[in-house]
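> this is the structure alone, sequence omitted:
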């Protein structure tokens, strides 16, 4: 009887040690099993997105790069911006729930992820998701992207480390946008006002706060500073008349 009790005690101690080790691994890094699942999903999404981006025809400069006076006249900034807005709206209209829509890069925290369309539970397992009530880069409105912090690749595990001025790139089939972080705030999970657009271009990245809890959200905000339309030079937005 004593030997059985000693064996049971040893097993309980081992189980406790493994549980602590697992918690430490997830705390310091992330859940390795859902990481592998997300890695596979991201590879599939990247291939699908690259193929779709290659098929996306047209362009913001194609219909506004000439005038009646000269076929070689460069488009004005306003013409380029309006062309990008049209392309963004057209692209968004063709997206379905769960579709890959763009490539998000955050150099400060080592993130490169394909963003998916939607924020439901299954979609967020694939990668960061754009909330369907918000917009795409170039539309001059709120672009709201949510992501996990501890599971499924944990793409936003370190967004609390982002500081004002840190750069974020968002590549889409029609253009690549560069944003600069302006700040962050913590809000309750029920704070639906975070999804309200202010009528200016703004990128918001959202994750749970604090880690392992879902009572609050951390939202990192960024403003556009430049855009590179596909097939055209980069345009600085910080000193232009661009929204935001």
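Cool, got the structure. From a predicted model like this one, the values you see are computed outputs, not experimental measurements.

> for this protein, just list every one of the strands.
Secondary structure of the chain by DSSP state E: the strands cover 100-106, 111-117, 129-130, 142-146, 167-171, 175-188, 202-209, 216-229, 235-236.

> looking only at pLDDT, what's the mean for the first one?
Averaging pLDDT along strand 100-106 gives 98.

> ok, now the third one?
Within the predicted structure, the mean pLDDT of strand 129-130 is 98.

> check the fourth one too.
Mean pLDDT, computed over strand 142-146, is 98.

> report the distance from that strand to the chain centre.
Centroid separation for strand 142-146 versus its chain: 7 Å, with CA atoms, centre = their mean, to the nearest Å.

> ok, now how distant is residue 168 from residue 120?
Residue 168 sits 24 Å away from residue 120, going by CB to CB, to the nearest Å. Glycine gets a C-beta too; all of them are placed from N, C-alpha and C.

> can you check residue 128 too?
Noted for residue 128: a distance of 13 Å to residue 120, by CB to CB.

> tell me which residues of stretch 159-166 are tucked away?
Using 16 or more other CB atoms under 10 Å as the test for burial, stretch 159-166 gives 159-160, 162, 166.

> and residue 128 and residue 120? Which one has more around it.
Between residue 128 and residue 120, counted using other CB atoms under 10 Å, the more crowded position is residue 128 (25 against 12).

> contacting residues for the spatially closest residue to that one that is not a sequence neighbour?
Excluding the flanking residues, the one nearest residue 128 by CB to CB, 6 or more residues apart in numbering is residue 147, at 3.7 Å. Listed by CB atoms under 8 Å, 6 or more residues apart in numbering, the contact set of residue 147 reads 113, 124, 127-129, 155-156, 159, 205-207.

> and if we set it to 10 Å?
Listed by CB atoms under 10 Å, 6 or more residues apart in numbering, the contact set of residue 147 reads 104, 111, 113, 115-116, 119, 124, 127-129, 153-157, 159, 205-208.

> low pLDDT regions in this protein?
Low-confidence segments of the chain (pLDDT under 70): 2-30, 58-74, 238-244.

> quickly list what residue 143 is bridged to.
Note on residue 143: beta-bridge partners residue 203, judged by DSSP bridges.

> looking at it, it is touching residue 200, isn't it?
No - if you go by CB atoms under 10 Å, residue 143 and residue 200 don't touch, sitting 11.1 Å apart.

> tell me how many other residues surround residue 112.
13.

> what sits against the nearest residue to residue 205 once chain neighbours are set aside?
Spatial nearest neighbour of residue 205, chain neighbours left out: residue 220 (4.5 Å); criterion: CB to CB, 6+ apart. Applying CB under 10 Å, 6+ apart to residue 220 gives the contacts 106, 145, 156, 159-163, 166, 168, 181-185, 203-207.

> report the beta-bridge partner residues of the nearest residue to residue 237 once chain neighbours are set aside.
Closest residue to residue 237 apart from its sequence neighbours, by CB to CB, 6+ apart: residue 224 at 4.9 Å. Residue 224 forms beta bridges with residue 179, as assigned by DSSP bridges.

> gap between residue 224 and residue 231?
To residue 231, residue 224 is 19 Å away according to CB to CB.

> go on, residue 218?
According to CB to CB, residue 218 and residue 231 sit 37 Å apart.
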